[in-house]
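Participant: what's the 3D shape of this:
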Amino acid sequence: MDAKGAFDFAQQRIEELRRLLSEIEPRRKFLNQRERELGEALTRWEAITEDLAKETEHHERDEPIDLTGMRLSDACFHLLKGIGRGLHARDIVVELRKRGRSINAKNPMDSVNKMLQRDRRFYRPGGRGSYWELEEGQESYWDGDNK
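Facilitator: Numbers count the residues shown, from 1 in each chain. Got it, this is the predicted structure:
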């Protein structure tokens with residue numbers, strides 16, 4: 001093969017490789033984007049799993065407290081302390097009921113909200129409409145005997 005023939009062959013091969021790369025490029029971009037999305041989802045699920053593991057470890061480690069004989073404010077205190085994170089009032093009502101603590105009111109969520117607003121052991125970090133948390137360093141008023 002002479003120099004002209006070798007040059008033409010090389011040019012054809014270059015064009016063929018460029019065409020193949022151009023065909024692959026959209027798929028590569030899609031796969032890179034998909035890899036990022038899956039990585040983000042994996043990170044989120046790992047964080048959720050870690051939080052659930054901590055919560056499960058906390059529940060397995062501590063003996064559950066009987067909330068049925070307590071004042072509503074103390075039951076909420078022990079509930080939030082046991083769960084280890086803030087809850088919205090509706091979730092507090094649900095969790096109290098799961099643990100056998102009834103709330104005799106027409107609107108239990110409003111009753112819980114009003115009670116928590118009056119008790120200095122609780123606060124809302126996000127203001128009205130957000131979840132309730134325990135104020136740092138607060139302790140229960142309930143000593144196990146006063147029902």
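Participant: now do the strands in this structure.
Facilitator: Assigned by DSSP state E, the strands in the chain fall at 122-123, 133-134.
Participant: by mean pLDDT, flag the weakest helix or strand of the protein.
Facilitator: Lowest by mean pLDDT, DSSP states H and E among the helices and strands of the chain is strand 133-134, with a mean of 76.
Participant: list of residues touching that one?
Facilitator: Strand 133-134 is contacted by residues F77, L80, K81, R85, G86, R121, F122, Y123, R124, P125 when judged by CB atoms under 8 Å, 6 or more residues apart in numbering. Using the backbone N, CA and C atoms, a C-beta is placed for each residue, glycine as well.
Participant: redo that, cut-off 10 Å
Facilitator: 76-77, 79-81, 84-87, 121-126 (CB atoms under 10 Å, 6 or more residues apart in numbering).
Participant: next: stretch 23-34.
Facilitator: Here stretch 23-34 makes contact (CB under 10 Å, 6+ apart) with L21.
Participant: what's the offset of it from the middle of its chain?
Facilitator: Remark: stretch 23-34 is offset 32 Å from the chain centroid, using CA atoms, centre = their mean, to the nearest Å.
Participant: tell me the predicted confidence for the residue nearest in space to the middle of the chain.
Facilitator: What sits nearest the mean C-alpha location of the chain, by CA atoms, centre = their mean, is I48, with 5.6 Å. With respect to pLDDT, I48 scores 80.
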